[in-house]
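[1] I would like the atomic coordinates for the input below:
(chains A and B)
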2 protein chains.
Amino acid sequence: MLKYYYDLMSQPSRALYIFLNKTKIPYEKCKIDLARGEHKSDEYSDIHPFQQVPAINDSGFKLFESVAIMRYLCHKYPDHVADDWYPKDIAKQAYVDQYLEWQHANTRFGCAMYFQHKWLIPRMTGSPAKQANVDKFQTTMENVLQHFENYWLKDSKFVAGQEISIADILAVCELYQPAMAGYNVFMDHPRLAAWHELVKLELNPELDEANVILNKIIAKQNMSKL
Amino acid sequence: MLKYYYDLMSQPSRALYIFLNKTKIPYEKCKIDLARGEHKSDEYSDIHPFQQVPAINDSGFKLFESVAIMRYLCHKYPDHVADDWYPKDIAKQAYVDQYLEWQHANTRFGCAMYFQHKWLIPRMTGSPAKQANVDKFQTTMENVLQHFENYWLKDSKFVAGQEISIADILAVCELYQPAMAGYNVFMDHPRLAAWHELVKLELNPELDEANVILNKIIAKQNMSKL
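    Numbers count the residues shown, from 1 in each chain, chains lettered A, B, ... in the order given. Below is the predicted model of the structure:
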């Protein structure tokens, strides 16, 4: 049986949660509560040597890194995973891979660093956010959003083509993260906003389910749900 | 014909250069001189929208992101690429993918940031290196090197198993980058040093050829060649 270790506070955990539920791959939920430090236990180190989420244990085969896990699941469970998620066609797959490699130092880095400096670090340290850092990472993030407007979504409905793929699941989960810090990336970015509507149609109700905690935090700040 | 756009000053450019020459995939060398700003031309923007290296144009199919390009070449040119480089076996391939995803925020980020803050930024700005930044990224990099010692190379000859794969090519090229700033990552890391000897045996003479510029810079600092 496939065991899935995750915490919905983590954006790649949310992505994989959506993917597993959407494709109906049978799995066992193994929640790892980051706030309670459950990822730091010796037992969990045996699942993920670097004590992070998400990770899987598929009948003894252990794997971490969300994107590697998604590719593995696409190969391992072809009866559950429609071809569009990670196309077998060499060129189409390469376009999905191109985004998946690019996002690490861009979507993920930009959005996560903004969230951390604006929201997480002040809460963890009890000190106010350092505005210079917030401004720096807002610029990094804005640059990423411009790349969505001017390249990734310029001529296609989805990030890596005309069909939704695992690239879109990972993208939307990273792009939601700054919302907890009060930044809605879909405002003032018309192509991103149009893509977001398509993604919601394709990924709901699983997308909303994965975002339950995130939307509670957003609601506390009197912002509208994503 | 496959066109390869690269500059050997760039670590992923070196990795793909080694891979193309090692596998003898026929290609045309298209050098993009970063120091002369050739990546900023309108003509090159048509190849790589974000004006970086490396990139390819395979008879009209354009692709960037070195790891995505490597996967594409493995799929597209199976007669040239032995299975070990990117195994078809689902579990073996997942282990290669696991490293390839992990390395972005770890090997690549740690080594590149150390190099930039210790060596590149002082040379570009004319100001001395900021020691606090150098120290911070040295700690980040050392943490990565410990992960090689205690996890990636603990029970296997190569990064993702008992055979060399594209993961090792990308790893060695990122791990060489800090050498230009006077930091030899193989010192005091016995598993990394043993792995390095194996990698040199497997990848030479292509590895040395890709490192011609890097070794010239290292020689100027009276350090021994890697």
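[2] does the residue nearest the centre of chain A count as helix, strand or coil?
    In chain A, the C-alpha nearest the mean C-alpha coordinate belongs to residue A:173, at 3.2 Å (Cα atoms, centre = their mean). Of the three states, residue A:173 takes helix according to DSSP: H, G, I helix; E, B strand; the rest coil.
[3] helix, strand or coil for the most far-flung residue of chain A relative to its centre?
    Distance from the centre of chain A peaks at residue A:127, with 27.7 Å (Cα atoms, centre = their mean). With three-state DSSP as the basis, the three-state label of residue A:127 is coil.
[4] For it, grab phi and psi.
    phi -100, psi 150 (degrees, to the nearest 10).
[5] Can you give me the separation between the residue nearest to it when sequence neighbours are not counted and residue A:11?
    Take residue A:127 and drop its neighbours on the chain: the residue closest to it by Cβ to Cβ, 6 or more residues apart in numbering or on different chains is residue A:121, 8.0 Å away. For every residue, glycine as well, the C-beta is placed using N, CA and C. Here the distance between residue A:121 and residue A:11 works out to 17 Å (Cβ to Cβ, to the nearest Å).
[6] just residue A:208 next, same as before
    Using Cβ to Cβ, residue A:208 is found at 15 Å from residue A:11.
[7] same deal with residue A:87?
    Noted for residue A:87: a distance of 24 Å to residue A:11, by Cβ to Cβ.
[8] picking that back up, who's more crowded, residue A:208 and residue A:11?
    Between residue A:208 and residue A:11, counted using other Cβ atoms under 10 Å in any protein chain shown, residue A:11 has the larger neighbour count: 22 against 15.
[9] Now do the contacts for the more buried one.
    A:108, A:111, A:112, A:173, A:174, A:176, A:177 (Cβ atoms under 8 Å, 6 or more residues apart in numbering or on different chains).
[10] looking at it, the fourth one is touching residue A:14, isn't it?
    Just to be clear, that refers to residue A:173. Yes. In this structure, residue A:173 is within contact of residue A:14 by Cβ atoms under 8 Å, at 4.7 Å.
[11] Find residues that contact each of those two.
    By Cβ under 8 Å, 6+ apart, residue A:173 and residue A:14 have these common neighbours: residue A:210.
[12] May I see the buried residues of stretch A:148-164?
    Within stretch A:148-164, the residues that count as buried by 16 or more other Cβ atoms under 10 Å in any protein chain shown are A:148, A:152, A:153, A:158, A:159, A:160, A:161, A:163, A:164.
[13] Next, the buried residues of the helix or strand of chain A with the lowest mean pLDDT.
    Here the helix or strand of chain A ranked lowest by mean pLDDT, DSSP states H and E is helix A:212-220, holding a mean of 89. Within helix A:212-220, the residues that count as buried by 16+ other Cβ under 10 Å are A:214, A:215, A:218.
[14] Just give me the closest of these to residue A:103.
    Residue A:103 lies nearest to residue A:214 out of the buried residues of helix A:212-220, by Cβ to Cβ, at 18.6 Å.
[15] which residues touch the closest one?
    A:8, A:9, A:14, A:176, A:179, A:180, A:226.
[16] Out of these, who's the most crowded?
    Tallying neighbours with other Cβ under 10 Å puts residue A:14 at the head of the contacts of residue A:214, with 30 neighbours.
[17] Name the nearest residue to it, ignoring sequence neighbours.
    Excluding its sequence neighbours, the residue lying closest to residue A:14 (Cβ to Cβ, 6+ apart) is residue A:210, at 4.2 Å.
[18] Relative to residue A:177, how far out is that neighbour?
    Distance, residue A:210 to residue A:177, by Cβ to Cβ: 12 Å.
[19] And residue A:73, by the same measure?
    Residue A:73 is 23 Å from residue A:177, by Cβ to Cβ.
[20] cool, residue A:136 as well?
    Distance from residue A:136 to residue A:177, counting by Cβ to Cβ: 17 Å.
[21] Looking at those two, which one has more neighbours?
    Neighbour count, other Cβ under 10 Å: between residue A:136 and residue A:177, residue A:177 has more, with 27 against 14.
[22] Give me the domain ranges for chain A.
    Domain ranges of chain A: A:2-81, A:85-220, per automatic domain parsing.
[23] Put together JSON lines for those, with distance to residue B:38 on each row.
    Below are these laid out as JSON lines (distance: least, Cβ to Cβ, whole Å):
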{"stretch": "domain A:2-81", "distance to residue B:38": "31"}
{"stretch": "domain A:85-220", "distance to residue B:38": "20"}
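[24] what's the closest of the buried residues of helix A:212-220 to residue B:98?
    Using Cβ to Cβ, residue A:214 comes nearest to residue B:98 of those, at 26.5 Å.
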